[in-house]
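In: Sequence first, predicted coordinates after that:
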Amino acid sequence: MNASDIDSLFALPFADLMFRAQTVHRAHFDPNAIQRSILLSIKTGGCSEDCGYCSQSARHDTGIARERLLSLAEVQVAARSAKEKGATRFCMGAAWRGPKAGDLDNVIEMVRAVKMLDMEACLTLGLLGEGQAEQLAAAGLDYYNHNLDTSAEFYEQVVTTHSQEARMETLLKVRTAGMKICCGGIVGMGESRQVRASLIAQLAQMTPPPESVPINHLVPMAGTPMENSPPLDPFEFVRTIAAARISMPKSWVRLSAGRGSLSDEVQALCFLAGANSIFYGDRLLTTDNAEASRDDALFMRLGLHATAG
Ligand code: SAM
Ligand code: DTB
Ligand code: SF4
């Protein structure tokens, strides 16, 4: 599907869009099954980059302090706890432009520890240098998360310290090394519908499309340039999910950041629109997630069950 196809999806009456999304979703997935990943920030704050939405940029005064890389033992405790909570994938994030060689060696030990617990492992460490993707693949890493974040045209209004092309190069390295790609974006940053459609088109045109597509709703963080972004119409968020589902029929579409401030009813619409993965657990990286107890209750009310993805 190209950008104009995705524009047309966004322009459909809501009921027609939802019907199409449901039809595609049911052809490829159990519509009542949701995959759950648990996220851990292994290195928080002090990032050199200036991403306008991010609380972890050293250039924004957000009150998030620079922390050291967690120890292997700390990660093992968190990974065991994630497994006990029923997560099938453990995702570790670092506030880096990209990993230094020494840091990568430490992170590789963390990947091995997660794999020993028989969970899928995902990392998000920023831009990868030559050979780093191969090192991660050799350690057994299943997924690498690296988002396009927004459309190519809008990117420079959000980030100036690196280009979206550089991110595409990292995605190519991940693919060439044989790992699965987790790649999505953020909506609610004051962008137009056309920007949202163009982001989805860029993701869908990757060959093959990412196996996992996180759709983040901006969490407006105090001290970032986006702290006062105008609120996004929740139906527009649901439309973005539906467009991702229709254009990437076989991908896991993850309802990611910002779920805590979405009502149960909007989340239910997102699941109807084809979202079939969430971050589970009370914490994301620097922000609170929807509480696990609330998710458990919502799953019960909607007759949803957890699945391995
Ligand atoms: N530094 C690495 C990078 O930029 O790829 C990995 C960590 S970065 C925090 C991972 C993703 O979190 C970003 O690409 C963005 O999509 C998402 N994110 C960060 N802050 C957010 C916010 N305030 N609201 C929604 N999503 C956010
Ligand atoms: C992604 O697309 N969303 C996650 C994960 N990849 C690493 C991160 C969400 C971060 C939300 C803001 C925070 O907690 O700082
Ligand atoms: Fe750094 Fe990633 Fe945050 Fe950008 S999104 S400032 S690269 S941690």
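Out: Nice, thanks for sending it over. Ligands and ions are numbered 1, 2, ... in the order given.

In: ok, and the closest non-adjacent residue to Ile108?
Out: Spatial nearest neighbour of Ile108, excluding adjacent residues (Cβ to Cβ, 6 or more residues apart in numbering): Ala139 at 4.5 Å. (Each C-beta comes from the backbone N, C-alpha and C, glycine too.)

In: Just the helices from the stretch 51-200 of the chain, written as ranges.
Out: According to DSSP state H, counting those that start in this stretch, the stretch 51-200 of the chain carries its helices in the segments 72-84, 101-116, 132-138, 152-155, 164-176, 193-204.

In: Below-threshold pLDDT in the protein: ranges please.
Out: Along the chain, the model assigns pLDDT under 70 to no residue.

In: Report the secondary structure state of the most centrally placed residue in it.
Out: Closest to where the C-alpha atoms of the chain average out (Cα atoms, centre = their mean) is Pro214, at 3.3 Å. Assigned by DSSP: H, G, I helix; E, B strand; the rest coil, the conformation of Pro214 is strand.

In: Would you mind measuring from it to Asp16?
Out: 26 Å (Cβ to Cβ, to the nearest Å).

In: do Glu67 as well
Out: For Glu67, the distance to Asp16 - Cβ to Cβ - is 48 Å.

In: Same drill for the two, tell me which one is more crowded.
Out: The neighbour count for Glu67 versus Asp16, taken as other Cβ atoms under 10 Å, is higher for Glu67 (14 against 11).

In: which ones are touching Leu17?
Out: Listed by Cβ atoms under 8 Å, 6 or more residues apart in numbering, the contact set of Leu17 reads 9-10, 239, 242-243, 273.

In: Tell me the most packed of the residues you listed, by neighbour count.
Out: The most crowded member of the contacts of Leu17, judged by other Cβ under 10 Å, is Ala243 (32 neighbours).

In: residues contacting that residue?
Out: The contact partners of Ala243, by Cβ under 8 Å, 6+ apart, come to 6, 9-10, 17, 196-197, 200.

In: If we check ligand 2, which of the residues you listed are in contact?
Out: Applying Cβ under 6 Å from any ligand atom to the contacts of Ala243, one finds that nothing falls near ligand 2.

In: I'd like to know which of those is nearest to ligand 3.
Out: Arg196 (18.7 Å; Cβ to the nearest ligand atom).

In: What spatial separation is found between the closest one and ligand 1?
Out: Relative to ligand 1, Arg196 is positioned 14 Å away (Cβ to the nearest ligand atom, to the nearest Å).

In: Likewise for Ala138?
Out: Look at Ala138 and ligand 1: by Cβ to the nearest ligand atom, they are 21 Å apart.

In: residues near that residue, how many?
Out: By the criterion of other Cβ under 10 Å, Ala138 has 12 neighbours.

In: Residues touching the helix or strand hosting Gln267, excluding its own?
Out: Here Gln267, judged by DSSP states H and E, is contained in helix 264-272. Applying Cβ under 8 Å, 6+ apart, the contact partners of helix 264-272 are 18, 21-22, 31, 34, 234-235, 237-238, 241, 255, 259, 262, 290, 294, 298, 301-302, 304.

In: Now the buried members of those.
Out: The neighbour count (16 or more other Cβ atoms under 10 Å) marks 18, 21-22, 34, 234, 237-238, 241, 255, 259, 262, 290, 298, 304 as buried among the contacts of helix 264-272.

In: Which of the contacts of helix 264-272 fall in strands?
Out: 34, 255 (DSSP state E).

In: Which of the contacts of helix 264-272 fall in helices?
Out: The members of the contacts of helix 264-272 that map onto helices under DSSP state H are 18, 21-22, 234-235, 237-238, 241, 294, 298, 301-302.

In: just to revisit the earlier point, contacting residues around the residue nearest to Ile108?
Out: Contacts for Ala139 were tallied using Cβ under 8 Å, 6+ apart; they are 108, 111-112, 115.

In: Just the buried residues of these.
Out: 108, 111, 115.

In: Closest to Ile42 out of those residues?
Out: Distance to Ile42 across the buried ones among the contacts of Ala139 (Cβ to Cβ) is lowest for Val111, with 10.7 Å.

In: right, and that closest one touches Cys122 too?
Out: No. If you go by Cβ atoms under 8 Å, Val111 and Cys122 don't touch, sitting 9.4 Å apart.

In: mind checking which helix or strand Ser37 is in?
Out: strand 33-43.

In: which bits of this protein sit near ligand 3?
Out: For the chain, the contact set with ligand 3 under Cβ under 6 Å from any ligand atom comprises 47, 49, 51, 54, 56-57, 95, 97, 126.

In: so how many other residues sit close to the nearest residue to Tyr143 once chain neighbours are set aside?
Out: Spatially, and ignoring its direct neighbours in sequence, Tyr143 is nearest to Cys122 (3.9 Å; Cβ to Cβ, 6+ apart). When neighbours are defined as other Cβ under 10 Å, Cys122 has 23 of them.

In: does Cys122 have beta-bridge partners, and which?
Out: Per DSSP bridges, the residues bridged to Cys122 are Cys91, Tyr143.
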